[in-house]
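[1] Structure, please.
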Amino acid sequence: MKQAPIPVRNPRSGEYDYTFTPPTPQELRERCTALRTAQHLWNAEGVERRISALRRWKNLVQPGGSYYAEVLQAIIHDTGRKHESVLEVNLLASSIERWCGIAQEFFAQTEIKPSSVPFIQIHQHVQPFSLVGVISPWNFPLLLSIIDAIPALLAGCAVVVKPSEITPRFIEPLMHSVREVPELAAVLEYVAGAGETGAELLNNADVVCFTGSVATGRKVYHAAAERFIPVFLELGGKDAALVFEGADLDHATSALLWGSVVNAGQSCLSVERIYVEHSIFEPFTALLTRKAEALRLAYPTPESGEIGPIISERQTAIINDHLSDAFAKGAVLRTGSTACEQHGGGWWCRPTVLTNVNHSMKIMTEETFGPILPVMSFASREEALALANGTMFGLSGAVFAATWQEAETIARQMQCGAVSVNDAALTAIIHEGEKQSFKFSGIGGTRMGTAAIKRFMRQQALLVKTQHVTSPWWFSSQ
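    Predicted structure coming up:
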């Protein structure tokens with residue numbers, strides 16, 4: 001039976017101006033079977049053929065490429081913002097090239113090593129998983145799908161991606177570009193669907209990558225455990241920034257403002273809590289407030305300002321709940337919104353600086369996913385670290401101090417996977433550093449660096465007898 005069409009809301013107008021029909025479970029199984037069949041040749045032809053195919057795709061989607069403008073316009077339509085969309089689509093081509101270089105380096109390694117027995121060598125080998133399932137979110141719909149898909153493809157896997165049903169418009173133009181490279185189209189498929197399609201994908205893949213909420217991540221983890229397949233989860237964050245006396249306040253406030261409100265704060269790496277040493281609290285907050293007031297909503301057009309709309313209408317309710325809870329418990333508004341505002345049918349939130357906040361408030365303990373900057377003072381390094389680490393999350397963070405050496409010493413004590421030292425949200429820009437999510441922010445191997453390719457491959461040891469000698473552990477009569 002054909003699936004019912006799913007309507008999609010335009011984040012700028014609030015109108016449901018797009019529909020798509022998800023595949024039936026049978027259709028998805030058939031697509032997965034076809035991908036598995038093609039994967040054998042994709043892997044057997046070697047990494048250089050895979051690199052060649054991906055680079056031909058890169059030429060089609062890079063700036064000036066045949067499909068660049070089409071994919072970009074779809075992402076802008078999906079998310080309602082322009083500046084971040086340009087960065088996101090540009091990162092597709094640069095990510096392909098970066099991963100191709102990493103893959104060449106990875107597969108050039110030959111691991112032959114001696115064992116503890118003189119005539120036995122160990123030849124290390126890797127075998128890719130056949131089919132990788134990627135379930136990606138709505139905040140960066142393209143970037144957060146390719147971050148897993150590209151290294152998996154280079155590892156020799158086939159990949160099926162299910163983006164969020166909130167931002168599906170980019171799938172069609174992206175697949176147009178993929179089909180221009182037939183050998184890639186045979187092993188890479190994007191399917192539009194909601195939660196039911198994601199659940200069905202879990203029943204068909206050999207390994208699953210999921211980016212999203214902790215609540216849904218728990219369900220994915222449970223389903224993967226039932227099937228006994230590997231899972232890589234990157235879930236929520238409540239990233240903390242620590243600012244110490246001696247830090248360059250002009251630099252710190254600019255970095256933290258960008259790290260908090262880029263993409264209207266709709267990013268797992270957004271700085272959502274700022275802790276400032278008491279002696280510099282007032283000058284820091286005054287400067288941050290002045291800079292936040294200078295940013296404008298990107299309305300009525302995407303070019304009108306820096307702050308785009310709240311992409312998911314459901315997120316608006318969470319942001320409003322967190323703000324309402326904070327004000328009820330005594331938070332002070334320095335600038336910004338007391339609640340999300342509606343303009344032209346879309347929902348918007350101005351960069352919002354709050355003081356007089358504490359850890360009894362949701363705004364300091366739960367993921368807000370909006371352009372909110374709550375600022376709290378601390379008296380000592382020990383207190384700062386206790387506040388920063390006193391959370392169920394451990395994705396990333398930031399430290400500002402008089403020197404990068406001092407900041408690094410403090411950063412090493414933060415319980416999170418990546419820390420920006422004298423800057424903020426650097427994981428959006430720097431992808432070479434290997435990191436993992438701590439606590440409830442996720443589980444599994446790093447998405448960054450050479451090891452990100454290796455996680456899509458199983459290790460195989462070939463124990464090779466190189467000399468025709470009698471093995472001393474055999475029965476003596478043999």
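[2] Wait, residue 1 touches residue 27, no?
    No - using Cβ atoms under 8 Å, residue 1 is not in contact with residue 27, being 11.0 Å away. In short, each C-beta sits where N, CA and C put it, glycine included.
[3] The two: which is more packed in?
    More crowded of residue 1 and residue 27, by other Cβ atoms under 10 Å: residue 27, with 15 against 5.
[4] Quick check: pLDDT value at that one.
    Confidence at residue 27, expressed as pLDDT, is 97.
[5] Could I get the phi/psi values of it?
    Main-chain torsions, residue 27, degrees, to the nearest 10: phi -60, psi -40.
[6] ditto for residue 249
    phi -70, psi -30.
[7] list the contacts for it?
    By Cβ atoms under 8 Å, 6 or more residues apart in numbering, residue 249 lies in contact with 243, 280, 283, 284, 287.
[8] Nearest to residue 175 among the residues you listed?
    Nearest to residue 175 among the contacts of residue 249, counting by Cβ to Cβ, is residue 243 at 44.9 Å.
[9] Now stretch 383-401: buried residues?
    Across stretch 383-401, burial judged by 16 or more other Cβ atoms under 10 Å covers 384-385, 387-389, 391, 393-401.
[10] actually stretch 100-109, sorry about that
    100, 102, 103, 106, 107.
[11] Return the per-residue confidence for residue 470.
    89.
[12] my bad, should have said residue 9
    Predicted confidence (pLDDT) for residue 9: 98.
[13] what does residue 477 give?
    pLDDT, read off for residue 477, is 66.
[14] If we ignore the residues flanking it in sequence, what's nearest residue 394?
    Distances taken as Cβ to Cβ, 6 or more residues apart in numbering place residue 438 nearest to residue 394, at 2.7 Å, with adjacent residues excluded.
[15] residues touching the one you found, list them.
    Residue 438 touches 393, 394, 395, 415, 416, 417, counting by Cβ under 8 Å, 6+ apart.
[16] now do 7 Å
    Neighbour list for residue 438: 394, 415, 416, 417 [criterion: Cβ atoms under 7 Å, 6 or more residues apart in numbering].
[17] Out of those residues, which is nearest to residue 229?
    Closest to residue 229, out of all of the contacts of residue 438 and judged by Cβ to Cβ, is residue 417, at 23.0 Å.
[18] can I assume that closest one is in contact with residue 439?
    No - assessed by Cβ atoms under 7 Å, residue 417 is found out of contact with residue 439, at 9.6 Å.
[19] Can you give the domain ranges for this protein?
    As given by automatic domain parsing, the domain ranges for the chain are 6-235+441-462, 239-428.
[20] Find the nearest non-adjacent residue to the residue positioned nearest the centre of the chain, please.
    Note on the chain: the residue nearest the mean C-alpha position is residue 144, at 4.8 Å, using Cα atoms, centre = their mean. Nearest residue to residue 144, sequence neighbours excluded (Cβ to Cβ, 6+ apart): residue 136, at 4.6 Å.
[21] Would you mind listing the residues in contact with the one you found?
    144, 145, 161, 163, 164, 211.
[22] Would you agree the first one is in contact with residue 210?
    No - here residue 144 lies out of contact with residue 210, judged by Cβ under 7 Å, at a distance of 10.3 Å.
[23] separation between the spatially closest residue to residue 425 that is not a sequence neighbour and residue 252?
    In space, and not counting its chain neighbours, residue 425 is closest to residue 259: 3.5 Å by Cβ to Cβ, 6+ apart. For residue 259, the distance to residue 252 (Cβ to Cβ, to the nearest Å) stands at 10 Å.
[24] for residue 45, same thing?
    From residue 45 to residue 252 the distance is 50 Å (Cβ to Cβ).
[25] part of a helix, is residue 38?
    Yes - the assignment for residue 38 by DSSP: H, G, I helix; E, B strand; the rest coil puts it in a helix.
[26] Name the nearest residue to it, ignoring sequence neighbours.
    Sequence neighbours aside, residue 186 is the residue nearest to residue 38 in space, at 3.7 Å (criterion: Cβ to Cβ, 6+ apart).
[27] circling back to that earlier point, settle it for me: which of residue 417 and residue 439 has more neighbours?
    Counted by other Cβ under 10 Å, residue 417 and residue 439 do not tie: residue 417 has more neighbours, with 24 against 17.
[28] Now do the same contact list for the residue lying closest to that one once chain neighbours are set aside.
    Spatial nearest neighbour of residue 417, chain neighbours left out: residue 435 (4.1 Å); criterion: Cβ to Cβ, 6+ apart. Contact analysis of residue 435 by Cβ under 7 Å, 6+ apart lists 417, 418, 446, 448.
[29] at 10 Å what do you get?
    395, 396, 416, 417, 418, 419, 427, 446, 447, 448, 449 (Cβ atoms under 10 Å, 6 or more residues apart in numbering).
[30] Narrow the contacts of residue 249 to those in strands?
    Cross-referencing these against strands under DSSP state E gives residue 243.
[31] Let's see which of the contacts of residue 249 end up in helices.
    283, 284, 287 (DSSP state H).
[32] Now, of the residues you listed, which are buried?
    For the ones in helices among the contacts of residue 249, a neighbour count by 16+ other Cβ under 10 Å gives the buried set as 284, 287.
[33] quick one, helices of the stretch 151-300 of the chain?
    Using DSSP state H, counting those that start in this stretch, the helices found in the stretch 151-300 of the chain span residues 171-178, 182-185, 195-202, 214-227, 249-261, 281-293.
[34] I'd like the average pLDDT over stretch 125-142.
    97.
[35] Work out the gap between it and the centre of the chain.
    Stretch 125-142 sits 12 Å away from the centroid of its parent chain (Cα atoms, centre = their mean, to the nearest Å).
[36] and if you look at stretch 204-217?
    So, by Cα atoms, centre = their mean, the centroid of stretch 204-217 is 12 Å from its chain's centroid.
[37] thinking again about what came up before, could you dump the buried residues of stretch 100-109 to JSON lines with distance to residue 85 and pLDDT?
    Formatted as JSON lines, those follow (distance: Cβ to Cβ, whole Å; pLDDT from 0 to 100):
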{"residue": "100", "distance to residue 85": "24", "pLDDT": "96"}
{"residue": "102", "distance to residue 85": "26", "pLDDT": "94"}
{"residue": "103", "distance to residue 85": "27", "pLDDT": "95"}
{"residue": "106", "distance to residue 85": "31", "pLDDT": "89"}
{"residue": "107", "distance to residue 85": "33", "pLDDT": "89"}
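[38] Relative to residue 169, which of those residues is nearest.
    Set against residue 169, the nearest of the buried residues of stretch 100-109 by Cβ to Cβ is residue 100 (27.6 Å).
[39] so that closest one, which of the three states?
    Going by three-state DSSP: residue 100 is helix.
[40] Surely it touches residue 49?
    No - using Cβ atoms under 10 Å, residue 100 makes no contact with residue 49, being 11.8 Å away.
[41] list residues touching both of these two?
    With Cβ under 10 Å, 6+ apart applied, the contact sets of residue 100 and residue 49 do not overlap.
[42] if we can go back for a sec, what do residue 417 and residue 439 both touch?
    In contact with both residue 417 and residue 439: 394, 395, using Cβ under 10 Å, 6+ apart.
[43] returning to that earlier point: inside strands: which ones of the contacts of residue 136?
    161, 211.
[44] ok so, going back, looking at the domains of the chain, which is closest to residue 471?
    Comparison of these against residue 471 by Cβ to Cβ identifies domain 6-235+441-462 as nearest, at 8.2 Å.
[45] That's all I had, so thanks and see you.
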